[in-house]
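[1] prediction below, plus the sequence it came from.
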Amino acid sequence: MIDGTEFGRLFKNFQHTAFRLETLDLYDVEEEREEFEAFLAGDPMPPEWADNPWVRSMTDHGKTVARVHVLTSPLTDYLRYELAAYPGNITAGETIGIIDRADQQAAGLPDHDFWLFDDTDVYRMHYTTDGRFIGAEKLPAEATPEYLHYRQIAESRAVPFVEYWQQHSDRPAGEGCP
């Protein structure tokens, strides 16, 4: 199991693609706490929300970054916060899809988060029950075909974020989103 610092290095080292399946309705990220509280208070979000520099640091080098978030409606406060940041990620080049468990499209997907780098390296993400990151476990190469299949299922069933938001909000994505 590797910690957050070591895991973060993987984003500098992958060559072509990084895909994430997200499955939690709450992530307890210490670095986000103040910003999350500000979001709940209705305060404006920082300028980087308009064009995520972390995503851009990869996509500006021709790398592909994508995620599918499997979530549950109604949205938790944390999910509203996270989805509010997605338009800036999309502006920076990330492809984001949503699968709502209420639509029964999550069947056949794992109940845990993972990252798949360059279609070869799979890292299963481990969290506490309250969403704090514990570490990432590199899975053996024999697991890669299974996780490639999970990605294919997720991407084929996901609704593009903008479409999801248009169906679940009276505001267009990016305007006071969520």
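    Perfect, I can see it now.

[2] assess the claim that residue 36 and residue 78 are in contact.
    Yes. Residue 36 is within contact range of residue 78, at 7.0 Å (criterion: Cβ atoms under 8 Å). (C-beta placed from N, C-alpha, C; glycine too.)

[3] these two: who's more crowded?
    Set residue 36 next to residue 78 and count neighbours by other Cβ atoms under 10 Å: residue 78 wins out with 19 against 16.

[4] what comes up buried for stretch 62-77?
    Buried positions in stretch 62-77, judged by neighbour count with 16 or more other Cβ atoms under 10 Å: 63, 65, 66, 67, 68, 69, 70, 71, 75.

[5] grab the nearest non-local neighbour of the first one.
    Sequence neighbours aside, residue 16 is the residue nearest to residue 63 in space, at 6.2 Å (criterion: Cβ to Cβ, 6 or more residues apart in numbering).

[6] what does the pLDDT read for the one you found?
    Per-residue confidence for residue 16 comes out at a pLDDT of 98.

[7] so it versus residue 150, what's the distance?
    The gap separating residue 16 from residue 150 is 18 Å, by Cβ to Cβ, to the nearest Å.

[8] these two: who's more crowded?
    Applying other Cβ under 10 Å to residue 16 and residue 150 shows that residue 150 carries more neighbours, namely 19 against 11.

[9] host element of residue 9?
    Assigned by DSSP states H and E, residue 9 falls within helix 4-13.
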